[in-house]
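Undergrad: got a predicted structure plus its sequence, pasted below:
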Amino acid sequence: MSEEVQVSAPRTRNRWGEGDRLRGEILDAASRLLSELDGEDGLTIRGVARAVGIAPASIYQHFTDRAALVAGLTRYEFARLCAAMEAAEQQVDPDDAVGRVRALIHAYCRFAIDNPGHYRLMTANGTSRRTPGARPTGPLVEVLDLLAAGFERCAEAGIPLRVSAERAGVIAFVGAHGRVALFHTSTTGGSSDIVLFFADELLNLVFA
């Protein structure tokens, strides 16, 4: 869908101190547009402004340029992903450590499958490594930490791992990410259940 049809009614001006609400509305509109446009390249300051119902200049009060907007949107989408993963984990019995880590991985896969444009943006902009050998930084690391914590709880519950909990989290992420990428690029279609089935197989390989 083109930007031309993504026009909201003029927005009521925020009262003093409500700037954070506008920032949230900008990110929410950018997220919606990303679902409708053909990837990150179609996302523009002007298009987001039209979707919110504000002048482009109002966006520059919160994001200095398009790159800053993309960075803010990346963090926003990772926050949504982490919230979905944590919510899924909390639905599982606290004593079922394996079930909880499985719920984390399944929620990750479902989010990636259901939000392909967002997912491409997130994986392209989610980490940075400023010095050789340093631990990466960025919102993607929060996902890795969630998975590592899940595997750590498994180890604490007496369920042995073939590798460290941190390494298990990386393996689970890389494997799930690769399978989701194959699913997104497949021309044969098929159910998303095959991705979850692969995630379960991968999970089984991590345990000793």
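TA: Done, it's in. Not measured: the values here are computed from a predicted model.
Undergrad: what comes up buried for the host helix or strand of residue 143?
TA: Assigned by DSSP states H and E, residue 143 belongs to helix 140-156. The neighbour-count check on helix 140-156 (16 or more other Cβ atoms under 10 Å) flags 140-141, 143-144, 146-154 as buried. Every residue, glycine included, has its C-beta placed from N, CA and C.
Undergrad: centre of the chain to stretch 62-71, how far?
TA: Centroid separation between stretch 62-71 and its chain, computed with Cα atoms, centre = their mean, to the nearest Å, is 18 Å.
Undergrad: now do stretch 157-169
TA: The answer for stretch 157-169 is 24 Å, by Cα atoms, centre = their mean.
Undergrad: returning to that earlier point: now render the buried residues of helix 140-156 as JSON lines, adding distance to residue 23 and pLDDT.
TA: Converted to JSON lines, the buried residues of helix 140-156 look like this (distance: Cβ to Cβ, whole Å; pLDDT from 0 to 100):
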{"residue": "140", "distance to residue 23": "22", "pLDDT": "88"}
{"residue": "141", "distance to residue 23": "23", "pLDDT": "90"}
{"residue": "143", "distance to residue 23": "23", "pLDDT": "94"}
{"residue": "144", "distance to residue 23": "26", "pLDDT": "94"}
{"residue": "146", "distance to residue 23": "25", "pLDDT": "96"}
{"residue": "147", "distance to residue 23": "29", "pLDDT": "97"}
{"residue": "148", "distance to residue 23": "30", "pLDDT": "97"}
{"residue": "149", "distance to residue 23": "29", "pLDDT": "97"}
{"residue": "150", "distance to residue 23": "31", "pLDDT": "97"}
{"residue": "151", "distance to residue 23": "35", "pLDDT": "98"}
{"residue": "152", "distance to residue 23": "34", "pLDDT": "97"}
{"residue": "153", "distance to residue 23": "35", "pLDDT": "97"}
{"residue": "154", "distance to residue 23": "38", "pLDDT": "97"}
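Undergrad: residue 115: which of those residues is nearest?
TA: residue 143 (13.9 Å; Cβ to Cβ).
Undergrad: now the residue nearest the centre of the chain: closest residue in space that isn't a chain neighbour?
TA: The residue lying closest to the centre of the chain (Cα atoms, centre = their mean) is residue 78, at 3.6 Å. Nearest residue to residue 78, sequence neighbours excluded (Cβ to Cβ, 6 or more residues apart in numbering): residue 139, at 3.5 Å.
Undergrad: and that neighbour, what does it touch?
TA: Counting by Cβ atoms under 8 Å, 6 or more residues apart in numbering, residue 139 touches 74, 75, 78, 79, 122, 126.
Undergrad: walk me through the domains of this protein.
TA: 3-63, 76-206 (automatic domain parsing).
Undergrad: end to end on the longest one, go ahead and measure it.
TA: Chord length of domain 76-206, first to last residue, is 30 Å (Cα to Cα, to the nearest Å).
Undergrad: where is the longest helix in this protein?
TA: In the chain, taking DSSP state H as the definition, the longest helix is helix 66-90.
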